[in-house]
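> need a 3D model of the sequence below.
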Amino acid sequence: MVIMADKKNMSIMELAYEILKENEKSMTFIDLFSAIADVKDLSDDERESIISQIYADFVSSGKFIYVGEDQWDVKGRQAIDIWDKD
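Prediction:
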């Protein structure tokens, strides 16, 4: 487990990965983004200014997978047959 001070210094994608791993189940992007923003202590203006870029980075990353029902997870935790899901 990574301590809070270390999490604050992680990149957003590293932090997203850690949060999903620690959560031990899939999450919606909005819930995940809220958790990231809370750890990073982002203001409402900062949240609004970066959410689109974070979503684009998140979707294009090879570490995460959409598992349906607006849920995302770390790729390694899901069965291979779900990797091709639209």
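
> where does the prediction get shaky in the protein?
1-5, 78-86 (pLDDT under 70).

> just want the most central residue of it.
Centroid-nearest residue in the chain: Ala16, 3.3 Å away (criterion: CA atoms, centre = their mean).

> helix/strand/coil for that residue?
With DSSP: H, G, I helix; E, B strand; the rest coil as the basis, Ala16 sits in helix.

> ok, now which ones touch it?
Contacts for Ala16 (CB atoms under 8 Å, 6 or more residues apart in numbering) come out as 32, 36, 58, 64. For every residue, glycine as well, the C-beta is placed using N, CA and C.

> so where's the longest helix in the protein?
Secondary structure of the chain per DSSP state H: the longest helix is helix 44-60.

> which elements pack onto it?
Helix 44-60 sits against helix 12-23, helix 29-40, with contacts defined as 3 or more CB pairs under 8 Å, 6 or more residues apart in numbering; DSSP states H and E.

> distance of the closest residue to Asp70 other than its chain neighbours relative to Asp45?
Sequence neighbours aside, Thr28 is the residue nearest to Asp70 in space, at 5.0 Å (criterion: CB to CB, 6 or more residues apart in numbering). Applying CB to CB, to the nearest Å, the value for Thr28 to Asp45 is 22 Å.

> need the helices and strands packed on helix 44-60 in TSV (columns: distance to Val74).
As requested, those are arranged in TSV below (distance: least, CB to CB, whole Å):
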stretch	distance to Val74
helix 12-23	5
helix 29-40	11
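
> the ones you listed: which one's closest to Gly76?
Closest approach to Gly76 among the helices and strands packed on helix 44-60 (CB to CB): helix 12-23, 9.1 Å.

> what angle do the closest one and helix 44-60 make?
Between helix 12-23 and helix 44-60, the angle comes out at 80 degrees (axes from the mean of the first three to the mean of the last three CA atoms, to 10 degrees).
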